[in-house]
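1. I would like the atomic coordinates for the input below:
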Amino acid sequence: MQFRRAKKNISGVLLLDKPIGYSSNQALQQVKHLLQAAKAGHTGTLDPLATGLLPLCFGEATKFAHYLTDADKVYEATLKLGVTTNTGDAEGQVLSEQAVQVSAAEFSAVCLQFLGEISQIPPMYSALKHEGKALYEYARAGVEIARNARTVTIHEITVLAFDKHVASVRVKCSKGTYIRTLAEDIGATLGCGAHLIGLRRTATADYQIAQSMTLEDFVALSAEQQAAKLLPADSAVVYLPAITLDTDSAFYLNQGQAVWQSGPIPEGLIRLYNPQQVFLGLGERQPDGKIGPKRLIVQPAQA
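-> Below you'll find the predicted structure:
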């Protein structure tokens, strides 16, 4: 008879440097298995071709995963000019090849045209769903599905390198931005076409790639060392203002009640802590001036 290992109610955020060739879910499932975690989720898909920062949330931290999914991201992308593919990246079939007569100055000038709010049509080779199926399933079957354009924001775009046929850029962008589509659109504007041959995510919200660790290094750690690599749940929302409640207010908030707080209360979401600086979750100022619970975590003593 086979016995399943008991799952652990482990909570926290692991900053993984996702290796090439892994889907985001494959990387998540491997780490989840190693930690024996009962609950887990990732925060924004990276294609198998892409590497870089993939925050993985476990236990109570999964309650804040969508704040990371919705956060700005930073990527370093490498473009191959003069060649287009059916997927927009190096995994696809070549559709066209064209001579490249573009200078570094011309490339930089075109990149700057994409600063600010831009319109993108999501690629067919994407995980977006249509009638319950991912678009890439239709694409592989040779079926084209009409997609609505989306508005995304390119906050910054910096040229890192350029040598005739290959260029590298750093892009800070809003959620929902397809870097493959950006590469194709840059190539189309240049008149020579382009596709993505490398992509690395270097930041998500306040998390930086320097804080992450590779899957190989994580696997090599002991169980205790692996658990110690998890960041606290509130690290996912550290950009929000914080308030420390008194003991009574913290108690009643944990019961799901709105509480009074002396002093000014910021607009929007607030990180809430008890006097011992234990993270309680997120709250929000109500019209009556109280702080109402918005997203609370289960404290260890209550679990």
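
2. helix, strand or coil for His142?
-> Wrong residue type there; residue 142 is Gly, not His. Using DSSP: H, G, I helix; E, B strand; the rest coil, the secondary structure recorded for Gly142 is coil.

3. Tell me, how many residues neighbour it?
-> Gly142: 6 surrounding residues under other Cβ atoms under 10 Å. Yep, even glycine has a C-beta here, placed from its N, CA and C like the rest.

4. Now Arg169. Its backbone dihedrals?
-> No, residue 169 isn't Arg; it's Val. Val169 has phi and psi values of phi -130, psi 150 when expressed as degrees, to the nearest 10.

5. ok, it - contacts?
-> For Val169, the contacting residues are 76-77, 79, 111, 157-160, by Cβ atoms under 8 Å, 6 or more residues apart in numbering.

6. Adding pLDDT, distance to Phe279 and secondary structure, write these out as TSV.
-> Rendered in TSV, the data for the contacts of Val169 read as follows (pLDDT from 0 to 100; distance: Cβ to Cβ, whole Å; DSSP: H, G, I helix; E, B strand; the rest coil):
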residue	pLDDT	distance to Phe279	secondary structure
Glu76	98	32	strand
Ala77	98	35	strand
Leu79	98	41	strand
Cys111	98	40	helix
Ile157	98	36	strand
Thr158	98	35	strand
Val159	98	41	strand
Leu160	98	37	strand
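
7. Ranking by neighbours, what's the top pick from those?
-> Within the contacts of Val169, Leu79 tops the neighbour count with 27 neighbours, counted by other Cβ under 10 Å.

8. Surely that one touches Val166?
-> Yes: in this structure, Leu79 sits in contact with Val166. The criterion is Cβ atoms under 8 Å, and the distance is 7.0 Å.

9. Name the residues contacting each of those two.
-> By the contact definition Cβ under 8 Å, 6+ apart, Leu79 and Val166 are jointly contacted by Ile197.

10. What is the least confident helix or strand in this structure?
-> When each helix and strand of the chain is scored by mean pLDDT, DSSP states H and E, strand 129-130 comes last, with a mean of 68.

11. thinking again about what came up before, closest one to Val31 out of the contacts of Val169, please.
-> Closest approach to Val31 among these (Cβ to Cβ): Glu76, at 23.4 Å.

12. Quick one: name whatever helix or strand follows the least confident helix or strand of the chain.
-> Moving toward the C-terminus from strand 129-130, the first helix or strand encountered (DSSP states H and E) is strand 133-134.

13. Partner strands of that next one and their direction?
-> Sheet pairing here is set by DSSP bridges, and for strand 133-134 it gives strand 129-130 (antiparallel).

14. Buried ones in stretch 204-224, by neighbour count?
-> The neighbour-count criterion (16 or more other Cβ atoms under 10 Å) identifies 204-205, 207, 209, 212, 215, 218 as the buried residues of stretch 204-224.

15. Actually, stretch 111-130.
-> Neighbour counts using 16+ other Cβ under 10 Å place 111, 114, 118, 120, 122-126, 128 of stretch 111-130 among the buried residues.

16. Residues contacting that stretch, please?
-> Looking at what lies outside stretch 111-130 - Cβ under 8 Å, 6+ apart - the contacts are 45, 86-89, 92, 134-136, 138-139, 144-145, 147-157, 159, 169, 177-178, 180-182, 185-186, 189.

17. and with 7 Å instead?
-> Among residues not part of stretch 111-130, those counted as contacts by Cβ atoms under 7 Å, 6 or more residues apart in numbering are 45, 87-88, 134-136, 138-139, 144-145, 147, 149-154, 157, 159, 169, 178, 180-182, 185-186, 189.

18. Next: stretch 144-154.
-> The set of residues that contact stretch 144-154 without belonging to it, under Cβ under 7 Å, 6+ apart, is 114-122, 124, 130, 135, 138, 171, 173-174, 176-177.
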